[in-house]
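**Q** Sequence and predicted structure are below.
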Amino acid sequence: MDAAHSLLAMVELPAPGEKQLLLIDSPIDGITGVQSAATRKIEARLSDLVRKKYPHFSLQPFTPALLNKSPLVLLGTLTPVGSAGLASGKRESYRICLALADLKSGTVISKEISKAQMQGINHTPTAYFQESPAWMEESFAAGYIQTCEKSKPGDRIQTAYRDGLSTQALLGEATALYESGNYKQALERYAKAADARAGDQLRARNGIYLANLKLGRGAAASAAFGDIVEYGLANKRLAINFLFQPGRASFAPVKPADDNYQKWVKEIARRATQSPECLEIIGHTSRSGPESLNERLSLQRAEYIRTHLEAEAAGLAGRVIAHGAGSRENLVGTGKDDVSDALDRRVAFQVISCAQLATQTAHR
């Protein structure tokens, strides 16, 4: 935690007898915005360090009420990177970014970057992120990442990040409740976050879906998934976390009680049919295996979803095109082929004009 020591040592000491209010906004993956076992461990170690070595800070829970007191906020990212330090190609290590933001001045006041070896890092997503049915890049997560990774001391905090902090605190409380099994309370918090300023985001929608599912509220869960699809179509993009059998273009076997994929496909088909636009499906694979095989497998998976969509809604025939991206657009890129890089095996839906689809079809 040398980076954390350097970061905190830069802060001017408060007046004698006073303490500086400090909150930790849970660290996230620097590409996907996902929280993992590793980012939770970073958060725990930061909390322990502050309490043991920096008594002039008053470390408190990350709540909307305390955010109103204009505290310092400690944020961080953990990003798998290649040999050149970029989040592309073969990932060989992790970049850790820590930044300290002052909400009173609206600026980043200190920042540190360090590296960690890939071996021994458990970047498996936490339960909420593993179980969420959909993913997309959103402005709050992008603002968080940019505030940490792209800013330097003295820069303004990213507006998208600062404006969404109170909602983020509500979502953090909701997720903690969800992951501890308190689904009813989690649902209440997710719903409150969805109604809050900056609450119009996928994380709240995923939470409402998951909590209803855990509570056995099938109709409410179906409606919540429909809202997820509608949100994605309105934003013209959405990635669904279908789990395929390794090396195959068919869904992984699950218990009948856990089989929600057909319901997802049916709802996507129903909502897409109501749109006047067309749909492009892009299959993805992790980087394990030859790229020629990855290209073929990703296309087969996209075609598998297209076939299922058209079987559910005949009106989609001729309005959906399938492509395979192989491993070219990996988000995690570690090639582990387990739950830690499941987003690299996503199926993405892109809304396109039907004229664009006709052009693509003509050139195939």
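**A** Sure thing, it's come through. What you are looking at is a predicted structure, and each value in this text was computed from that prediction instead of being measured. Numbers count the residues shown, from 1 in each chain.
**Q** Could you tell me how far the helix or strand harbouring residue 168 lies from the centre of the chain?
**A** Using DSSP states H and E, residue 168 falls within helix 165-179. Its chain's average C-alpha position is 14 Å from that of helix 165-179, according to CA atoms, centre = their mean, to the nearest Å.
**Q** following the helix or strand in which residue 308 is found, which helix or strand comes up?
**A** Using DSSP H and E, residue 308 sits in helix 291-312. For helix 291-312, the succeeding helix or strand toward the C-terminus, using DSSP H and E, is strand 320-324.
**Q** Which elements pack onto that next one?
**A** strand 278-283, helix 291-312, helix 354-362 (3 or more CB pairs under 8 Å, 6 or more residues apart in numbering; DSSP states H and E). C-beta here means a position set from N, CA and C on the backbone, and glycine is covered the same way.
**Q** what comes into contact with the last one?
**A** By CB atoms under 8 Å, 6 or more residues apart in numbering, the list of residues contacting helix 354-362 from outside reads 276, 277, 278, 280, 319, 321.
**Q** Count the neighbours of the third one for me.
**A** Each residue near residue 278 was counted by other CB atoms under 10 Å, and the total is 22.
**Q** quick one, what contacts it?
**A** Here residue 278 is in contact with 319, 320, 321, 351, 352, 353, 354, 356, 357 (criterion: CB under 8 Å, 6+ apart).
**Q** bridging residues for the fifth one?
**A** It refers to residue 352. Beta-bridge pairing for residue 352 (DSSP bridges): residue 278.
**Q** Would you mind measuring from it to residue 144?
**A** According to CB to CB, to the nearest Å, residue 352 and residue 144 sit 29 Å apart.
**Q** who has more neighbours, the two?
**A** When residue 352 and residue 144 are compared for neighbours, residue 144 comes out ahead with 28 against 16, by other CB under 10 Å.
**Q** Just the pLDDT for the more buried one.
**A** Looking at residue 144, its pLDDT reads 97.
**Q** Spatially nearest residue to it (excluding sequence neighbours)?
**A** Distances taken as CB to CB, 6 or more residues apart in numbering place residue 161 nearest to residue 144, at 5.0 Å, with adjacent residues excluded.
**Q** List the contacts of the host helix or strand of the one you found.
**A** Secondary structure from DSSP H and E places residue 161 in helix 159-163. Contacts with helix 159-163, where a contact means CB under 8 Å, 6+ apart, come from 103, 106, 139, 140, 142, 143, 144, 146, 147, 197, 198.
**Q** Next: stretch 202-215.
**A** Residues outside stretch 202-215 that contact it (CB under 8 Å, 6+ apart): 128, 131-136, 138, 167, 171, 174-175, 178, 183-184, 186-187, 189-191, 193-194, 220-221, 224-225, 227-228, 231-232, 260.
**Q** same question, stretch 251-269
**A** By CB under 8 Å, 6+ apart, stretch 251-269 touches 133, 213, 222, 225-226, 229, 240, 242-245, 305, 308-310, 312-313, 316, 349.
**Q** what about residue 108, which SS state?
**A** Here residue 108 is recorded as strand under DSSP: H, G, I helix; E, B strand; the rest coil.
**Q** how deep is it tucked in, by neighbour count?
**A** Quick note: residue 108 (other CB under 10 Å) scores 23 neighbours.
**Q** Quick check, it in contact with residue 100.
**A** Yes - if you go by CB atoms under 8 Å, residue 108 and residue 100 touch, sitting 7.0 Å apart.
**Q** what ranges do the helices span in this protein?
**A** 2-9, 37-53, 64-67, 127-131, 139-149, 159-163, 165-179, 183-195, 202-214, 218-234, 261-273, 291-312, 354-362 (DSSP state H).
**Q** hang on, the earlier thing: what helices or strands is the helix holding residue 308 leaning on?
**A** helix 261-273, strand 278-283, strand 320-324, strand 347-352.
**Q** okay, the angle between the shortest one and helix 291-312?
**A** The reference is to strand 320-324. 160 degrees (axes from the mean of the first three to the mean of the last three CA atoms, to 10 degrees).
**Q** Same question for the first one.
**A** With the same axes, to 10 degrees defining the directions, helix 261-273 sits at 70 degrees from helix 291-312.
**Q** Quick one: distance of helix 261-273 to the chain centre.
**A** Counting by CA atoms, centre = their mean, helix 261-273 is centred 22 Å from the centre of its parent chain.
**Q** just stretch 141-151 next, same as before
**A** Taking mean C-alpha positions (CA atoms, centre = their mean), stretch 141-151 and its chain are 14 Å apart.
**Q** cool, and stretch 63-81?
**A** Put simply, stretch 63-81 sits 17 Å off its chain's centre (CA atoms, centre = their mean).
**Q** Over to stretch 176-190?
**A** Between the centre of stretch 176-190 and the centre of its host chain there is 18 Å, according to CA atoms, centre = their mean.
**Q** what's the average pLDDT for that stretch?
**A** Stretch 176-190 carries an average pLDDT of 98.
**Q** tell me how far the ends of that stretch are from each other?
**A** One end of stretch 176-190 sits 11 Å from the other (CA to CA, to the nearest Å).
**Q** so who does residue 97 touch?
**A** Per CB under 8 Å, 6+ apart, neighbours of residue 97: 30, 76, 77, 79, 111, 112, 113, 148, 149.
**Q** Could I have the CA atoms of the least confident helix or strand in the chain by mean pLDDT written out in CSV?
**A** The weakest-scoring helix or strand in the chain, judged by mean pLDDT, DSSP states H and E, is helix 2-9 (a mean of 80). Extracted in CSV, the C-alpha atoms of helix 2-9 (Å, rounded to 0.1, in the frame of the first residue of the first chain):
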residue,chain,number,x,y,z
ASP,A,2,2.9,2.4,-0.7
ALA,A,3,0.7,4.2,-3.2
ALA,A,4,-2.0,4.8,-0.6
HIS,A,5,0.6,6.1,1.9
SER,A,6,1.9,8.6,-0.8
LEU,A,7,-1.6,9.6,-1.7
LEU,A,8,-2.8,10.3,1.9
ALA,A,9,0.5,12.0,2.9
